[in-house]
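Chemist: heads up, no residue letters with this:
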């Protein structure tokens, strides 16, 4: 936990379901969960910082947001990130997040991410850490028979598996551009699993605006990650 700092009040009780969305293919998880917490009036309870996170901070109308935020409402907790996690440090970040969460006796974890298929259907694929949990989502998702997933979502699910915590992965079909339509599809699955009754029509109506804004964010993050380190800069004189 030395390199992953969680600055938050404690969860209000045990048995919480934790929804996690980090930027990835199509920004599916980030868009879906930010929409969910905004529309359902979740309370922000804290933030996560780390030396591993890229030096990027986003703002809304001049107000800076923490790059990784924690929210809570009733029996749900949401962790949402605006910054991507480099594959080399996914283990450290996932382990730090799970170390903090498990002290509160959480019920299960759901990661929301994207999967690139270059198909237009916007299907949602599902994986789980055990057969019992998988059975719960069989009717709402397309179960992946084999293959692999990667990134921070995979690391978090691996931590769930090794710690004996039920974990679900929802993978929205995307073409790897900011994709609120795929995010809406994953919310529909969450609606069915957890009886959220969250209307996704406003998200679909705002799709064009969101797609443009998220594309700008992605470009800024990519530029920051691609910037040469000081020791790589050419020397003159």
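Modeler: Perfect, I can see it now. Bear in mind that the values here come from a model prediction, so they are computed numbers and not experimental data.
Chemist: count of neighbours near the residue nearest to residue 118 when sequence neighbours are not counted?
Modeler: Nearest in space to residue 118, with sequence neighbours left out and distances taken as C-beta to C-beta, 6 or more residues apart in numbering, is residue 175 at 5.4 Å. C-beta coordinates here come from the backbone N, C-alpha and C atoms, glycine included. When neighbours are counted by other C-beta atoms under 10 Å, residue 175 registers 15.
Chemist: For residue 175, give me its contacts.
Modeler: If a contact means C-beta atoms under 8 Å, 6 or more residues apart in numbering, then residue 175 has 26, 116-118 as its contacts.
Chemist: for the longest helix belonging to the chain, the distance to its chain's centre please.
Modeler: For the chain, the longest helix by residue count, based on DSSP state H, is helix 207-226. Taking C-alpha atoms, centre = their mean, to the nearest Å, the mean C-alpha location of helix 207-226 is offset from the chain mean by 16 Å.
Chemist: hmm, who's touching it?
Modeler: 23, 27, 30-31, 54-56, 58, 82-84, 86, 177-181, 203.
Chemist: In helices, which of those appear?
Modeler: Within the contacts of helix 207-226, residues falling in helices by DSSP H are 30-31, 180-181, 203.
Chemist: And the furthest pair within the residues you listed?
Modeler: Within the ones in helices among the contacts of helix 207-226, 30 and 181 form the most distant pair, 14.3 Å apart (C-beta to C-beta).
Chemist: The two: which is more packed in?
Modeler: Of the pair residue 30 and residue 181, residue 30 is the one with more neighbours under other C-beta under 10 Å, namely 25 against 21.
Chemist: residue contacts, that one?
Modeler: Neighbours of residue 30 in contact, by C-beta under 8 Å, 6+ apart: 21-23, 80-82, 214.
Chemist: For residue 155, state which of the residues you listed is nearest.
Modeler: residue 22 (10.0 Å).
Chemist: what's around the closest one, how many residues?
Modeler: As a burial measure, residue 22 scores 27 neighbours (other C-beta under 10 Å).
Chemist: ok, it touching residue 151?
Modeler: Yes: the pair residue 22 / residue 151 is scored as a contact, 7.5 Å apart, by C-beta atoms under 8 Å.
Chemist: what is in contact with the two at once?
Modeler: Common contact partners of residue 22 and residue 151 (C-beta under 8 Å, 6+ apart): 85, 113.
Chemist: Centre of the chain to stretch 161-172, how far?
Modeler: Centroid separation for stretch 161-172 versus its chain: 13 Å, with C-alpha atoms, centre = their mean.
Chemist: Averaged pLDDT, that stretch. What do you get?
Modeler: What stretch 161-172 shows for mean pLDDT is 96.
Chemist: I appreciate the help and will end here.
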